[in-house]
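>>> model this:
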Amino acid sequence: MTRSAASLAIRLLMLALSAAALGVSIYLAYLGLSAVDEVGGCGPVARFDCEDVLTSRWAQWLGIPVGIFAAVVYTGIFVALVVLLLNVPTSIARISWTVLIGLAICAAGAAIWFVGLQLLKLDSICPFCMVVHTCGVILLALTLWAAPISRRDTDVDTLKASLVAPGGLADHPPVKLRIVSGSISALVGLAGVAVLITIQLVDQPKGFEEVTLSEPAEQPPVVGEKTKTEPEPADLAKTPVATKTKKAEPPKTKKTDDPPGVHRYLRGKVTLNAKEFPVVGSPDAPHVIVKLFDYTCPHCRRLHGYLKQARERYGDQLAIMMLPVPINPGCNRHVRESRPRHAYACVFAQMALAVWRENPQQFPKFHDWLFEPETPPEPAAARAYAEQLVGPDALVGLNRDFKIARHIRRCIYVYTDCDMGKIPKLLIGETLITPLGDPTAEQMFEQLEKLLGIKPK
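Next up is the predicted model:
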């Protein structure tokens, strides 16, 4: 193979790598912008878990998914390589090499940073992300190997290279890039990586999304009251439009004729009787918030720890009404596909409700026990602990228990009234909040104190 043929093969390989990285980056950008909860074909298996990586704070840069910036960088690399494959003037080819070197260093530097975060900080790996990072590192190696960098003066090199067969000059002589130009391009690429890392370390992203209804809703029946006709989950298209608000005032207590234990949320759109649902804390506490969650959801697991700290921080001022919303089509008709992570979501919800029904005082123990480990326990172990708390008879025939199935549907009915989407969700007065990325406990406390006007005990 001649040298020119080898050079062409390398450039074609680089073009293929950039195209692959660009395609995956666009897909990751789409995931970052959409409300997709799980990534098909990506975990959780061992340390491979795209959801943990793509929903972490490190997947954002100034509130924008990093996949968008990756797509921009690899688009630039792809265009530069296409230009180099064409018969373009030497000056344009020289500019393309300069741009290519800077972008390749930027892509490889970002790849090293994000791989380090996945391995050392998150302890989770996103295979799609790794494809992009691998392409970035290989592209840098090939770019540095193939770049026509010369220590000699470019004009002299160009003049000598332009001489061809007697009687003529080449249309576009070989490109020579001066080492100074290459060094400046490399420094610009390194500066881009430094800015990326610095802002990600310094910037503290918003911890929660706040949503409130634009107009008061009609007073609905109390969810949890026993009626002859049970309401079906509402169609998402028929739910009132919600609008995001930047600021929220502490909810004002309205005088109503509601019996004790009845609480209204989202301007009356959701009305719940605390005596009809599991409550951690006193149902008569001054502030009762609602948590929509799943026992197999990692973000619910993290939020559980924050709310447990909040209960200790605010004492009897705060209680939490627990509404399990299993992410499993076996008991939630709004879930279309079963995921390995949520295989036992219905089982855990059924067990927890069975414990609560048999002995409400034991529910907080079982609830905490399910959320205590980093990953959900085995169903057999959960059943054994539940039987230890309330006896084996309370758990007989759970998958055929009509009352527990109806209770789960009631929880899902509330979930549809909250426009569904991602969980966990918290109903706090007139505001619905959802964690964004990886919020901190301090951000959770800030939300509670702002929306409820509550203070540490």
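>>> make it CA atoms for all contacts and neighbour counts henceforth
Noted.
>>> Apart from its neighbours in sequence, what residue is nearest residue 428?
Leaving aside its chain neighbours, residue 428 sits nearest to residue 289 (5.2 Å; criterion: CA to CA, 6 or more residues apart in numbering).
>>> you'd agree the one you found is in a strand?
Yes - per DSSP: H, G, I helix; E, B strand; the rest coil, residue 289 lies within a strand segment.
>>> Model confidence at it, what's the number?
Model confidence at residue 289, given as pLDDT, is 95.
>>> Measure how buried it is and give me the count.
Using other CA atoms under 10 Å as the criterion, residue 289 is surrounded by 20 other residues.
>>> Likewise for the one 3 residues further on?
Neighbourhood size, residue 292 [other CA under 10 Å]: 23.
>>> How about the secondary structure of it?
Per three-state DSSP, the local secondary structure of residue 292 is strand.
>>> contacting residues for the residue lying closest to residue 429 once chain neighbours are set aside?
Excluding the flanking residues, the one nearest residue 429 by CA to CA, 6+ apart is residue 265, at 5.0 Å. By CA atoms under 8 Å, 6 or more residues apart in numbering, the residues touching residue 265 are 271, 427-431.
>>> Which of these sits closest to residue 70?
The closest of these to residue 70 turns out to be residue 431 (CA to CA; 34.7 Å).
>>> tell me the mean pLDDT for stretch 425-445?
Stretch 425-445 comes out with an average pLDDT of 88.
>>> Enumerate the beta-bridge partners assigned to residue 177.
Note on residue 177: beta-bridge partners residue 149, judged by DSSP bridges.
>>> hang on, isn't it packed against residue 150?
Yes - with contact defined as CA atoms under 8 Å, residue 177 counts as touching residue 150 (5.9 Å).
>>> For the spatially most central residue of the chain, what are phi and psi?
What sits nearest the mean C-alpha location of the chain, by CA atoms, centre = their mean, is residue 55, with 2.0 Å. When read as degrees, to the nearest 10, the backbone of residue 55 gives phi -100, psi 10.
>>> and it, how far is that from residue 197?
Applying CA to CA, to the nearest Å, the value for residue 55 to residue 197 is 18 Å.
>>> ditto for residue 403
With the distance defined as CA to CA, residue 403 ends up 52 Å from residue 197.
>>> how about the strands in the stretch 1-150 of the chain?
Using DSSP state E, counting those that start in this stretch, the strands of the stretch 1-150 of the chain run over 60-61, 64-65, 149-150.
>>> Pick the most deeply packed of these.
Neighbour counts (mean count of other CA atoms under 10 Å) averaged over each of these peak at strand 60-61, with a mean of 20.
>>> for that one, packing partners?
Packing partners of strand 60-61 (3 or more CA pairs under 8 Å, 6 or more residues apart in numbering; DSSP states H and E): helix 179-202.
>>> For residue 344, grab phi and psi.
According to degrees, to the nearest 10, residue 344 has phi -110, psi 20.
>>> Count residues in the vicinity of it, would you?
Taking other CA under 10 Å as the neighbour definition, residue 344 ends up with a count of 21.
>>> now it: how far from residue 22?
37 Å.
>>> for residue 453, same thing?
Computed with CA to CA, the distance linking residue 453 and residue 22 is 47 Å.
>>> By neighbour count, which bits of stretch 99-116 are buried? Give me those.
Neighbour counts over stretch 99-116 (16 or more other CA atoms under 10 Å) mark 99-111, 114-115 as buried.
>>> low-confidence ranges in the stretch 101-250 of the chain?
For the stretch 101-250 of the chain, the stretches with pLDDT under 70 are 151-175, 205, 212-250.
>>> And the helices in it?
Under the criterion DSSP state H, counting those that start in this stretch, helices of the stretch 101-250 of the chain are mapped to 127-146, 154-161, 179-202.
>>> hey, which of those is tucked in deepest?
helix 127-146 (a mean of 19).
>>> what does that one contact?
Outside of helix 127-146, the residues within contact range by CA under 8 Å, 6+ apart are 7, 10, 14, 17-18, 20-22, 24-25, 28, 42, 48, 50, 100-101, 104-105, 107-108, 110-112, 115.
>>> Can I get it in CSV, CA atoms only?
C-alpha atoms of helix 127-146 as CSV (Å, rounded to 0.1, in the frame of the first residue of the first chain):
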residue,chain,number,x,y,z
PRO,A,127,-22.2,1.8,27.2
PHE,A,128,-23.5,4.4,24.7
CYS,A,129,-21.4,7.0,26.3
MET,A,130,-18.4,4.7,26.3
VAL,A,131,-18.8,4.3,22.5
VAL,A,132,-18.5,8.1,22.1
HIS,A,133,-15.6,8.4,24.4
THR,A,134,-13.7,5.5,22.8
CYS,A,135,-14.2,7.1,19.3
GLY,A,136,-12.9,10.4,20.7
VAL,A,137,-9.7,9.0,22.1
ILE,A,138,-9.0,7.0,18.9
LEU,A,139,-9.7,10.1,16.8
LEU,A,140,-7.2,12.1,18.7
ALA,A,141,-4.5,9.5,18.3
LEU,A,142,-5.1,9.2,14.6
THR,A,143,-5.3,13.0,14.2
LEU,A,144,-1.9,13.5,15.9
TRP,A,145,-0.4,10.7,13.8
ALA,A,146,-1.7,11.9,10.5
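>>> Direction-wise, compare that helix with helix 179-202 and give the angle.
Counting by axes from the mean of the first three to the mean of the last three CA atoms, to 10 degrees, helix 127-146 points 160 degrees away from the direction of helix 179-202.
>>> quick check: domain ranges of this structure?
As recorded under automatic domain parsing, the domains making up the chain are 3-202, 208-452.
>>> which residue sits closest to the residue nearest to the centre of the chain, ignoring its sequence neighbours?
Using CA to CA, 6+ apart and skipping residues adjacent in sequence, the residue nearest residue 55 is residue 437, 4.7 Å away.
>>> outside of stretch 102-111, which residues touch it?
Residues outside stretch 102-111 that contact it (CA under 8 Å, 6+ apart): 70, 73-74, 76-77, 132-134, 136-137, 139-140, 143, 185-190, 192-193, 196.
>>> again, 7 Å this time
If you take CA atoms under 7 Å, 6 or more residues apart in numbering as the criterion, stretch 102-111 is touched by 73, 77, 133, 136-137, 139-140, 185-186, 188-190, 192-193.
>>> How many residues are close by residue 295?
If you count neighbours by other CA under 10 Å, residue 295 ends up with 27.
>>> pretty sure it is in a strand, no?
No - using three-state DSSP, the assignment for residue 295 is coil, not a strand.
>>> which residues does it contact?
By CA under 7 Å, 6+ apart, residue 295 lies in contact with 345, 348, 370-371.
>>> Please identify which of residue 453 and residue 22 sits among more neighbours.
residue 22 (25 against 13).
>>> measure the more buried one to residue 186 for me?
According to CA to CA, residue 22 stands 21 Å off from residue 186.
>>> Likewise for residue 282?
Relative to residue 186, residue 282 is positioned 62 Å away (CA to CA).
>>> Residue 455 in helix, strand or coil?
coil.
>>> Can you read off the pLDDT for the closest residue to it other than its chain neighbours?
The spatial neighbour of residue 455 that comes closest, neighbours along the chain excluded (CA to CA, 6+ apart), is residue 449 at 6.2 Å. Here, the pLDDT recorded for residue 449 equals 93.
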